Each structure stands twice: as C-alpha cells, then as structure tokens.
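Peer 1: Need a 3D model of the following:
(chains A, B, C and D)
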There are 2 protein chains.
Amino acid sequence: MQKINRKTQSESPFAYDGLSRVIHERARLGVLTCLITHPKGMSFPEMKKLCALTDGNLNRHLQVLQEAQLVSLAKGPDRERPQTFYRITVLGRKRYLEYLAVLEQVILDGAPAARTLQEKSSEHNRP
Amino acid sequence: MQKINRKTQSESPFAYDGLSRVIHERARLGVLTCLITHPKGMSFPEMKKLCALTDGNLNRHLQVLQEAQLVSLAKGPDRERPQTFYRITVLGRKRYLEYLAVLEQVILDGAPAARTLQEKSSEHNRP
DNA sequence: AAGTATACTTTGCAGTACAAAGTATTACGT
DNA sequence: ACGTAATACTTTGTACTGCAAAGTATACTT
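Peer 2: Numbering: from 1, shown residues only, chains lettered A, B, ... in the order given. Purely as a prediction, here's the structure:
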C-alpha cells in the first residue's frame, strides 16, 4: 500500500493525466493562450476574433474557465465602451504553466520518435 | 474573395485549428505517442497499462484511430500469444507530426508569457 | 424616439468519452 | 478430456460537453 498513488508517472508514462480537461479543450487552450499573452486583459469581441470562435461558443468556454477560477471578468466600461474585459487569474497562470509542462513532456516523448521516419521495421516482437 | 482561406493563421493566431480533434483528445494523444515510440507495434494489454485506460475505453479510441487510418491492427499470434498488435501507420505518423508542430506553436506562444509572472498590471486599456 | 448595431446569454441538439457489462478465445486444473 | 478460470477484446448505455442558432439587453445613430 505504498505506491498506488503516483503509479501514473511510473507505470503509465503515456497517461498524461496532467492534461486537465478544462484547459486541454482546443478552444479553451486558444483562449487561455490568448489571455496569457495579453495580461492586461482582452475584450469579448477581440477574443472572438483572435480565437475564431462564435459568440455562444466563446461565452460557454469563458463560463467554464470562470467556474474553474482560471479567468476573471473585469466588467468595466473603463474608458469608452461598455465592454467586459477578461483576464487570466493567478491560479489560471499557475494551472496553465502546469499544463504546458505536460505538453512539453508529450513533445519530448513524441517528437524524437516521430521525426525518425523508419517505416520498414515490420514484425519484430519485443526483445 | 482572396484571403478567406488562410485567415486562420493571419487573423486568428489563437484558433489552433490544426489541433485535429482525433489526435488532440487526451487518451488518443497518449495512445499515439505510445505507438510512435514503439514503432514495432504494441499489444492491447500493454497499451492499456502504459496509457492507464480501461478496456472499453482503449478499444473505443483505437477504433477511432483506425477509422482515421492513423493506426493499423496487425492481428498476429506471431510467436506465442494470440494478441493483436497495433501499429501507427505512415499517415498516422504524418498527422502526428503535423499535430506536434501546432502543439509546439502553442508552447511558443504561451510559454514566454506564462513564465513572466507579472501579476500586477491591472487595468490598462490597450494602447 | 425609433431603429440598428453591438455585446453578450440562453437553449437545444448532436457528438463523444467513459466504464460497466457482455462475449469469445485460450490456458489451466483435475 | 472436460470444466473452470482467466485473458483479450467488444458492445452498449449514459452522462457530459462542444457547438451554433436563436434570444436578450444595452448603447449608438439618425
């Protein structure tokens, strides 16, 4: 009853359960990456354009991200427009970083093998 | 009527629509990465363990990957066991590489900003 | 002041991941 | 040799979730 916990990493190196579903979803990954690169926040229509999402779609994903505390909305007609500004939270940045670390691991695992185009090894059984 | 096509990259840098849904799904990403690193193929139970998936779950994802021509099954009780061997196809490797390229782009986009922990910039409107 | 545009929200559907239960084939014990 | 157990998949049902069409509300124009 010792090593049940972290068997994921040791016994299942391809489980990648660090790929949080909330973040991993394609649209939300785009949204978060967008927000990470714009730490001052971003308006709804702007994100909609940069992420190529429909209104409802973007709204839904922002909801999910808010519920997960990864994004906060700063309702503020600060200067001119009554637009809502969305920003990534501190927690959001933390989670995003953790997620990226796993992504990098995927690439580390996959890229070397993928680039080696040895298509001919047919039916070897494992050593 | 010229630039409708590739507006994704130019106007929507965070769309990442190169993240093929077939591959992007967490479990399948694990499966494919697993198969990429084992070009000689792999048995069902072995993958099940390495990817930490249940029977039905793994089966379902392998189905999807087969239908997308990314994985082929080499039914072969070659030596000892009547196990099925699964292998990534040439197309699979190609698609996987394309996918990885987009993943790398995500990291290139996100990582620099994510690592810069400047949490204090509050309410700047964009310049 | 009425109409139009913009900025979101809500709703309904369709697709999909997931695991529990089912089936078939093989190994094992007596 | 025959029954039992185990292994290797498959099928099925459910619950979730992404998605966009339609809806609502606020501001801006004329």
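Peer 1: alpha carbons only for contacts and neighbour counts from here, please
Peer 2: Will do.
Peer 1: Report the distance from the longest helix along chain A to the chain centre.
Peer 2: Ordering each helix of chain A by length in residues (DSSP state H) puts helix A:90-115 first. How far helix A:90-115 lies from its chain's middle: 9 Å, per CA atoms, centre = their mean, to the nearest Å.
Peer 1: buried sites along it?
Peer 2: The neighbour-count check on helix A:90-115 (16 or more other CA atoms under 10 Å in any protein chain shown) flags A:90, A:92-97, A:99-103, A:106-107, A:109-111, A:113-114 as buried.
Peer 1: Check the residues you listed one by one and keep those near chain B.
Peer 2: A:90, A:93, A:96-97, A:100, A:103, A:106-107, A:109-111, A:113-114 (CA under 8 Å from any CA of the partner chain).
Peer 1: DNA strand D: which of those residues is nearest?
Peer 2: Within those, proximity to DNA strand D (CA to the nearest atom of the strand) peaks at residue A:96, which comes in at 15.7 Å.
Peer 1: Test my guess that the closest one contacts residue B:112.
Peer 2: No. In this structure, residue A:96 is not within contact of residue B:112 by CA atoms under 8 Å, at 11.9 Å.
Peer 1: OK, contacts around the closest residue in space to residue A:91 that isn't next to it in sequence?
Peer 2: Distances taken as CA to CA, 6 or more residues apart in numbering or on different chains place residue A:70 nearest to residue A:91, at 5.9 Å, with adjacent residues excluded. By CA atoms under 8 Å, 6 or more residues apart in numbering or on different chains, the contact list for residue A:70 reads A:88-93, A:95.
Peer 1: quick one, phi psi at the residue in chain A that DNA strand D sits nearest to?
Peer 2: In chain A, no residue comes nearer to DNA strand D than residue A:56, which is 3.4 Å away by CA to the nearest atom of the strand. Phi and psi for residue A:56, reported as degrees, to the nearest 10, are phi -60, psi -40.
Peer 1: could you dump the contacts of residue A:70 to JSON lines with distance to residue B:36 and pLDDT?
Peer 2: Converted to JSON lines, these look like this (distance: CA to CA, whole Å; pLDDT from 0 to 100):
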{"residue": "A:88", "distance to residue B:36": "35", "pLDDT": "95"}
{"residue": "A:89", "distance to residue B:36": "36", "pLDDT": "95"}
{"residue": "A:90", "distance to residue B:36": "36", "pLDDT": "94"}
{"residue": "A:91", "distance to residue B:36": "34", "pLDDT": "95"}
{"residue": "A:92", "distance to residue B:36": "32", "pLDDT": "95"}
{"residue": "A:93", "distance to residue B:36": "31", "pLDDT": "95"}
{"residue": "A:95", "distance to residue B:36": "28", "pLDDT": "96"}
